[in-house]
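Student: based on what follows, work out the 3D shape:
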Amino acid sequence: MSKVATLTAWVVISLCLVTLITLPVNMQTQLVASVLVVTFMALIKLLDAGGKWRLVALAFGSAMVLRYVYWRTTSTLPPVNQPENFIPGFLLYLAEMYSVVMLGLSLFVVAMPLPPRPSRSATPGKYPKVDVFVPSYNEDADLLANTLAAAKGMDYPAEKLTVWLLDDGATLQKRNSTNLVDAQRAAARHRELQKLCEDLGVRYLTRDRNEHAKAGNLNNGMLNSNGELIAVFDADHAPARDFLFETVGYFEDDPRLFLVQTPHFFLNPDPLERNLRTFEKMPSENEMFYGIIQRGLDKWNAAFFCGSAAVLRRKALEDTSGFSGLSITEDCETALALHGRGWNSVYVDRPLIAGLQPATFASFIGQRSRWAQGMMQILMFRFPLLKGGLSIPQRLCYMSSTLFWLFPFSRTIFLFAPLFYLFFDLQIFTASGGEFLAYTLVYMLVNLTMQNYLYGAFRWPWISELYEYAQTVHLLPAVVSVLLNPRKPTFKVTAKDESVLESRLSEISRPFFVIFAVLLIATALAIYRVYTEPYKADITLVVGGWNLLNLIMAGCALGVVSERGEKAASRRVKVSRRCEFSFGEQTYPATIENVSAHGARVQVYGLPTDELLIDVKGKIRFQPYSGDGTFETLPVKIRNVETEGDLTIVGCRYLPEVARHHSLVADLIFANSQQWSEFQRMRRGNPGLVRGTLWFLWLALYQMSRGLIYFFRSIKTEGGASR
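Tutor: Reported below is the predicted structural model:
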């Protein structure tokens, strides 16, 4: 009876919803109803009502979205017998329907995400044997030393832990290359990394040939190891001491668990954050995925492997012949295969690793192109909606993750659609200005409000749109290429630990300035047409407003591609750890203020600055987190000195001489995961839709002016160079 009652209730609710969506009303009634719904949603948001009220607000918003879809489908498409209007109009309609579908999938995934899971330590005496894989291709020894030392320093029984460097940069194929320079470099790398691993107590492993990229490298590691669990860290992802204690315990609870995934936390800003200077003020782009979406996926047993910062069960991987390598995103593909065979996953929402992300806009686009192409390959080769073994929620979750990367198509259409009317007077959207206000504008407001509900403090208004626009310009050709030839893309390693020493325009910035110029001309044309064609002023104002919104987004993107120069080669992390600083024969009380992968900034009390010389050696003595509480010494070289009252601020560079020194550097930077959680909490705050929009407008105007200054400066520089 209960099933019949539930089914009856769903049928009744569905019929009521269909009636509400298709109810014929005049424009004034539609406008009043829209205002009431938007006001109701805003009140619930202002009162910070969660739980069922959150679902009620989202349900009202969904009804308004579906009503817009009904109106858009039945009343706004141009006649088919006018192909010059119908074809671009239908493309715009498809772009909007794609956005609605993605909104629906997002609602399913994250309407009520799981709360963060509690810590789950392994039972004492039942610690499983763990192999730690650090795959590498072209990363330098210093970067690898920090990651390997951090992995080796994890708080876990030493006899149960084996760390492996899987080096694909010095394979036998590379060392025997017919290119003499490449062969010598590979041989030198082979010797250097073998020595580094020997000093750190880490196993070094390479292979004969570079086959199947990262997936092949990981599978080679599986063939040469035997741990029950496998932890994977990218070469620039160093774990905290408590990584394994926070993750391996989950495998005791579920014998069918194949994955425990943790977030990717980054020490440095991505190019958008660095160039816009939002890194310490606003949540990073990846926090929306790791802070909300992965928890939503976890609710449906669909949290997937992200390539690093994860622990996997060897038995499960053997069930699918190791890591999948058909696509260039082996991580998601592997998870899809294992979920399809009935294995389960868990997501632990706590940053337990710290890594590096691309510093230049070009590298950022290269990384995102690989992700987009890989997800398109999974969509085409594996098509999650029809993949056997998946539950219906899992199918929807994987479709959401793969279909997302089609956004360059919809963003391109939204960008250029107003131009069809302003430049060519095409009628691709059949509606009056009043209808646009009652339906389309309300749909946009409801959409923004729902996004604010779903992502709140993890994503500020308009930031997703900016990230998508900034990527669309170069991702569109990448996505088109993989759709035309799915097997063409190959795995390309993202550059690590880059820096921009001088302010400059990105080498791939030119299209952004061309688009901005076209949109600026279109804005001027819209103003001209309002005055010369007053009988169409309502439509022209609507389309001109749409184009103005695109212009604001394009203007902000000019700041994104205007690379700011950085003095520091790597990002500094605040630590505040007591220490002693030695110079010559004297020792002084000090505090380590911040650290980076290359050096530290130390506050020293009582240091006689008149005796200091730049590039003179000194020592930092501190208590490592991993140890018996005794002080250990890290040699450094003094690079710069400042005086602040009674304190002397010393900037110094590490001078690691033995393997233990690398471990001390890793301890300073990576050992304490709590500092990363605190940093994330510090910058999470929801400004709200109104305040967030006003902030974005100010940001866009400032970044537009900064981008234009960079542009004219580059023209002047090129002109001077040509003379």
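Student: any weak-confidence spans in this protein?
Tutor: 1-20, 23, 25, 48-51, 489-500, 567-571, 609-612, 627-628, 718-723 (pLDDT under 70).
Student: quick check: domain ranges of it?
Tutor: Structural domains annotated on the chain: 19-112+406-488+496-563, 130-357, 573-673, as defined by automatic domain parsing.
Student: looking at those, which one is packed in the most?
Tutor: domain 130-357 (a mean of 21; mean count of other CB atoms under 10 Å). For every residue, glycine as well, the C-beta is placed using N, CA and C.
Student: show me where the stretch 151-300 of the chain has its strands.
Tutor: 161-167, 203-205, 229-232, 238-239, 257-261, 265-266 (DSSP state E, counting those that start in this stretch).
Student: host element of the residue lying closest to Thr73 once chain neighbours are set aside?
Tutor: The shortest distance from Thr73 to any non-neighbouring residue, by CB to CB, 6 or more residues apart in numbering, is to Tyr93 (7.7 Å). Using DSSP states H and E, Tyr93 sits in helix 83-110.
Student: so what does that helix touch, helix or strand wise?
Tutor: helix 52-75, helix 294-299, helix 392-403, helix 407-424, helix 442-455 (3 or more CB pairs under 8 Å, 6 or more residues apart in numbering; DSSP states H and E).
Student: quick one: whichever helix or strand Tyr467 is part of to helix 442-455, angle?
Tutor: Element membership for Tyr467, per DSSP H and E: helix 463-484. Between helix 463-484 and helix 442-455, the angle comes out at 90 degrees (axes from the mean of the first three to the mean of the last three CA atoms, to 10 degrees).
Student: which residues touch helix 463-484?
Tutor: Outside of helix 463-484, the residues within contact range by CB atoms under 8 Å, 6 or more residues apart in numbering are 272, 282, 285, 288, 365, 368-369, 372-373, 376-377, 380, 405-409, 411-412, 415, 451, 488-489, 508, 511-512, 515, 553-554, 556-557, 560-561, 696.
Student: distance from it to the middle of the chain?
Tutor: 15 Å (CA atoms, centre = their mean, to the nearest Å).
Student: just stretch 198-205 next, same as before
Tutor: With CA atoms, centre = their mean, you get 31 Å for stretch 198-205.
Student: residues in contact with that stretch: which ones?
Tutor: Applying CB under 8 Å, 6+ apart, the set of residues contacting stretch 198-205 is 145, 148-149, 151-152, 162-167, 193-194, 196-197, 220-221, 224, 658-659, 662-663.
Student: stretch 269-281 too?
Tutor: With CB under 8 Å, 6+ apart, stretch 269-281 has contacts from 268, 282, 284-285, 357-361, 363-364, 466-467, 470, 506, 556, 559-564, 566, 571, 682-683, 699, 703.
Student: if we can go back for a sec, the domains of the chain into JSON lines, with extra columns for distance to Val690?
Tutor: Output for the domains of the chain, formatted as JSON lines (distance: least, CB to CB, whole Å):
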{"stretch": "domain 19-112+406-488+496-563", "distance to Val690": "9"}
{"stretch": "domain 130-357", "distance to Val690": "17"}
{"stretch": "domain 573-673", "distance to Val690": "32"}
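Student: give me phi/psi at the residue of the chain positioned farthest from its centre?
Tutor: In the chain, the residue that sits farthest from the middle, by CA atoms, centre = their mean, is Glu585; the gap is 48.0 Å. Main-chain dihedrals, Glu585, degrees, to the nearest 10: phi -100, psi 0.
Student: is Ala95 in contact with Ser410, as I believe?
Tutor: Yes: the pair Ala95 / Ser410 is scored as a contact, 3.9 Å apart, by CB atoms under 8 Å.
Student: tell me the SS of Thr587?
Tutor: strand (DSSP: H, G, I helix; E, B strand; the rest coil).
Student: and if you look at the one 4 residues further on?
Tutor: Per three-state DSSP, the local secondary structure of Thr591 is strand.
Student: and the longest helix anywhere in the chain, what does it pack against?
Tutor: The longest helix of the chain (DSSP state H) is helix 689-722. Helices and strands touching helix 689-722, by 3+ CB pairs under 8 Å, 6+ apart, are helix 271-276, helix 442-455, strand 504-505, helix 510-532, helix 537-560, strand 562-563.
Student: which of the ones you listed sits closest to Ile292?
Tutor: helix 442-455 (5.6 Å; CB to CB).
Student: report the angle between that closest one and helix 537-560.
Tutor: Using the same axes, to 10 degrees: helix 442-455 against helix 537-560 is 30 degrees.
Student: so what touches the strand ranked longest in the chain?
Tutor: Across the chain, the strand with the greatest residue count (assigned by DSSP state E) is strand 632-644. By CB under 8 Å, 6+ apart, the surrounding residues in contact with strand 632-644 are 582-583, 599-600, 603, 609, 612-624, 648-657, 660-661, 664-665, 668.
Student: just those: which are in helices?
Tutor: 660-661, 664-665, 668.
Student: closest one to Val542 out of those residues, please.
Tutor: Distances from Val542 to the ones in helices among the contacts of strand 632-644, taken by CB to CB, are shortest for Leu668, at 57.1 Å.
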